[in-house]
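# this is a predicted model, with the sequence first.
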Protein chains: 4
Amino acid sequence: MKIGLIGFGKTGKAVANVILQNVQFDLEWVLRQSTQLESRSIHEFLGVEFKEQRLIYSSSKITIQELLDKHPVDIIIDFSSETGIYTYGKIAGERKIKIITAVSHYDEAERELLKKLSLETVVFWSPNITLGVNYLLFAAKFLKKIAPWVDIEIIEEHFKEKKGVSGTAIKIAEALDLEKSDINSVRAGGIVGKHELIFGFPYQTVRLIHESISREAFGNGVLFVAENLVDKEKGLYNFEDILLPYFSYDQ
Amino acid sequence: MKIGLIGFGKTGKAVANVILQNVQFDLEWVLRQSTQLESRSIHEFLGVEFKEQRLIYSSSKITIQELLDKHPVDIIIDFSSETGIYTYGKIAGERKIKIITAVSHYDEAERELLKKLSLETVVFWSPNITLGVNYLLFAAKFLKKIAPWVDIEIIEEHFKEKKGVSGTAIKIAEALDLEKSDINSVRAGGIVGKHELIFGFPYQTVRLIHESISREAFGNGVLFVAENLVDKEKGLYNFEDILLPYFSYDQ
Amino acid sequence: MKIGLIGFGKTGKAVANVILQNVQFDLEWVLRQSTQLESRSIHEFLGVEFKEQRLIYSSSKITIQELLDKHPVDIIIDFSSETGIYTYGKIAGERKIKIITAVSHYDEAERELLKKLSLETVVFWSPNITLGVNYLLFAAKFLKKIAPWVDIEIIEEHFKEKKGVSGTAIKIAEALDLEKSDINSVRAGGIVGKHELIFGFPYQTVRLIHESISREAFGNGVLFVAENLVDKEKGLYNFEDILLPYFSYDQ
Amino acid sequence: MKIGLIGFGKTGKAVANVILQNVQFDLEWVLRQSTQLESRSIHEFLGVEFKEQRLIYSSSKITIQELLDKHPVDIIIDFSSETGIYTYGKIAGERKIKIITAVSHYDEAERELLKKLSLETVVFWSPNITLGVNYLLFAAKFLKKIAPWVDIEIIEEHFKEKKGVSGTAIKIAEALDLEKSDINSVRAGGIVGKHELIFGFPYQTVRLIHESISREAFGNGVLFVAENLVDKEKGLYNFEDILLPYFSYDQ
């Protein structure tokens, strides 16, 4: 599967690193706004060995059309910002290139655009694209269905400097109909990221815990999604749509 | 729902305690082998207040037939031993009384009997009838389906005197195709019971944890099962059959 | 060592239970305000076997002086309320009976009385008399001395109905110069009691965790204190004074 | 304080990184066997900004004597291998340069050399030089003194590929008189490193947990030791000697 990556911030770099080390996927190019690192080799920059040259492009030097003409891809992965979609959305729709976007927030306009594009091609959006967090959310919703009366609280732990409540914790709380006061935020030292869901029953306790080790987890999430979109019809998908088919009595 | 309880050991007592405190269920009687406590009031013995007298019977003083004639029930719950089924199985089949057995182990002969009885009535068997442990098993199998290559290990912690590896841990290991060496057993002090499943991904870790607080958890499990068997057709059920219908896209 | 116990609420009963099962200690009597259970055997009531009769007395039927004349003790253990000290304090001072009080809160007047009594006999006071919590406090203060700049947060978890922030958590926070906002309170199901101290360093995390299993932990704490007061001179002691001598380079 | 660093493997690099970012310390040079990276700037290589040039030297191109003549230091920090001590030990003793070695294992001959050098200068050795692990060991030994009869087990978790039982866990087990069977080793995914000590009491449980986030923790440990060796007389020290003075009633 040929992949083009939009965005090359800290997470974009980690994702590129994971894709490069997976033989089933071929990272064709990286496209970013900044001209920094322009025309440099992705592999060389990340210190990974690779058979062929794959370059970092700047959108101020080359159009997405030129780039896709020279280096066509099957999937575009977007780790840029809210407006990134305007760069590649239209042409991806026209050329039936699948879109996987992990942008953390979209306004109404961009959400509408995603819907429109999903009439043309496969469009996937998940604000937190790690397998672990999405599994946690899925498993938690299921437990709440079984025991709607159970007491639930969330503990999220992150490094001291992290401002505000974790977006992932808020998303989980919303999905479980919890109050903001049910989220406990710990900020201490260099904790990368931990989310713990506590389900308190009268005589037993269930805990679902996700611990992040590094940003590369987003890369594995992207590849998991990419693999699971292979046979999908055009349409708009989220992580729950990807997980659901795994669930069946016979498997 | 009218309930008859077979067996009155430590767990049987805890289960009786939970049933008595739930207004939706009516514990009609307890039947046990021993003549100890014979004819004593269940409520009085457990120190729970109740409107009516409900007694403890010994199977050496009254037959199950007499007991059911005097005090008919909708469900028989079995916390006795492997052979308990021979006392009440046949008549339960004849009278379409539902059977919930939480006996931890049955040999081939008893398993066959359960199957035969399930042609007549609803028969449910779960060696560990707590909601939490069964949910854990269910959620773990699902995660393994999603990520079959993930590294899984189990840590089970119990009180110092507990002999051998936890039966629940062994059951989980079998369901996940793990080796016995993947189970780590900690024995220390008065730990009631903790099962932790560790799913190690390259850049993230997921942990599913169940902690027991007291035996009363079995009582809540029994009532959860009883509620979910209400509309079931005759047949043989396990805990997974009970959990599965909760899982659907629309709910 | 002969022990007299003041107070027979839930915790008092659990403490009596532990003392009765320890051969080094002899529980001579229980004294309580209520006339309920008056003259009943402690052992019989708790369902513990014992060689001799030991009774529950009510302070409305017998004076502490009469009781001590008939059944002298070496130590009085107080699990009653703030005013319990007025019942036995004076006579304990006169007869050099050691005092261990686990009353959770004293006003200024009672604190002064404890000080005055400590001029006559050994007086020990700890609002939370479990070994584990006191060790945690001790170990945490030490880590803070080593790394005064470390980020510290507390998570305390208890059963749903528990009102307000855990007193133990508040005490720990005060000892470590933390803000109340550094305490995260989780209330869910039947969690007996868990206190977790998180020390966040830039590249590592240390966690100190105490989990309560049952109230009997207070009984073991009392016996630990009693053993460690054997050779003590008269004076006022707290748990830190008991732990400190264990700490030395040579041991 | 002027520092010279011996060894520049993965851990050496992480340690250099931490020292460079601490204004109280001045990393004068790195000396390593390999000629790779020879004469390159430490800061440039690590991507850290710095006011002056500090270089990486190879011991095959320059002697330690020449290096110390040109760039004298107060402390030599050794993250090389068992034989590194022969390179710099003698001259460090002569010039009263303090030695901090974090080499994980020394044979009898090197241990003897350390002792001999400690007659001339301050010599510190710790096979695991993180603050967290040493604190854990210290706090655990103290708890065992208080409650020698308590049940203790260790759980150590590391990435899947890690061979054998964790050396740190073995060291802790030895210090606490545990059997090797009391160590439970979990190997899963990319877990950086976690050590959990479980103290099981009859009615309560204490857990001491250390989680590594990255190798930089060794750098912080080194600086903590360096600061605490400032006023020390010549002699041989370990981490316990550094922690002990923090412990006193008055502080």
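Structure's in. What do you need? Bear in mind the structure is a predicted one, so any value in this text is a computation, not a measurement.
# residue A:3: which element?
Element membership for residue A:3, per DSSP states H and E: strand A:2-6.
# the helix or strand following that strand to strand A:2-6, inter-axis angle?
Using DSSP H and E, the helix or strand that follows strand A:2-6 towards the C-terminus is helix A:10-20. Our comparison of helix A:10-20 with strand A:2-6, counting by axes from the mean of the first three to the mean of the last three Cα atoms, to 10 degrees, yields an angle of 170 degrees.
# now for the helix or strand following helix A:10-20, which elements pack on it?
The helix or strand immediately downstream of helix A:10-20 is strand A:26-32, counting by DSSP H and E. Packing contacts for strand A:26-32, counted by 3 or more Cβ pairs under 8 Å, 6 or more residues apart in numbering or on different chains; DSSP states H and E, involve strand A:2-6, helix A:10-20, helix A:42-46, strand A:55-58, helix A:64-70. C-beta here means a position set from N, CA and C on the backbone, and glycine is covered the same way.
# comparing these by mean pLDDT, which bottoms out?
Set side by side, the helices and strands packed on strand A:26-32 give their lowest mean pLDDT on helix A:42-46, at a mean of 86.
# now do it: everything it contacts.
For helix A:42-46, the external contacting residues (Cβ atoms under 8 Å, 6 or more residues apart in numbering or on different chains) are A:13, A:16-17, A:20, A:27, A:29-30, A:37, A:49-50, A:53-56.
# likewise for stretch A:162-176?
For stretch A:162-176, using Cβ under 8 Å, 6+ apart, the contacting residues are A:104, A:127-128, A:133, A:136-137, A:140-141, A:144, A:152, A:154, A:156, A:158, A:178-180, A:182-183, A:185, A:187, A:193, A:195, A:197.
# using the three-state scheme, assign whichever residue of the stretch 1-150 of chain A sits closest to chain D.
Closest to chain D within the stretch 1-150 of chain A is residue A:132: 10.2 Å, counting by Cβ to the nearest Cβ. Under DSSP: H, G, I helix; E, B strand; the rest coil, the three-state class of residue A:132 is helix.
# repeat for residue A:124
strand.
# report how many residues lie close to it.
Each residue near residue A:124 was counted by other Cβ atoms under 10 Å in any protein chain shown, and the total is 28.
# wait, it sits on residue A:228?
No: taking contacts as Cβ atoms under 8 Å, residue A:124 lies outside contact range of residue A:228: 9.0 Å.
# between these two, what contacts are shared?
If you check residue A:124 and residue A:228 against Cβ under 8 Å, 6+ apart, the residues they both contact are residue A:242.
# list of residues touching stretch A:100-114?
So stretch A:100-114 is contacted by A:11, A:75-86, A:89, A:99, A:123-129, A:167, A:218, A:221-222, A:225-226, A:229, A:236 (Cβ under 8 Å, 6+ apart).
# ok, now how distant is the residue lying closest to residue A:32 once chain neighbours are set aside from residue A:62?
Distance criterion Cβ to Cβ, 6 or more residues apart in numbering or on different chains; nearest residue to residue A:32, sequence neighbours excluded, is residue A:8 at 4.4 Å. In this view, residue A:8 and residue A:62 are 14 Å apart by Cβ to Cβ, to the nearest Å.
# who has more neighbours, those two?
Neighbours per residue (other Cβ under 10 Å) separate residue A:8 from residue A:62, with residue A:8 holding more: 24 against 16.
# let me see the contact set for the more buried one.
A:16, A:30, A:32, A:34, A:37, A:56, A:79 are the contacts of residue A:8 under Cβ under 8 Å, 6+ apart.
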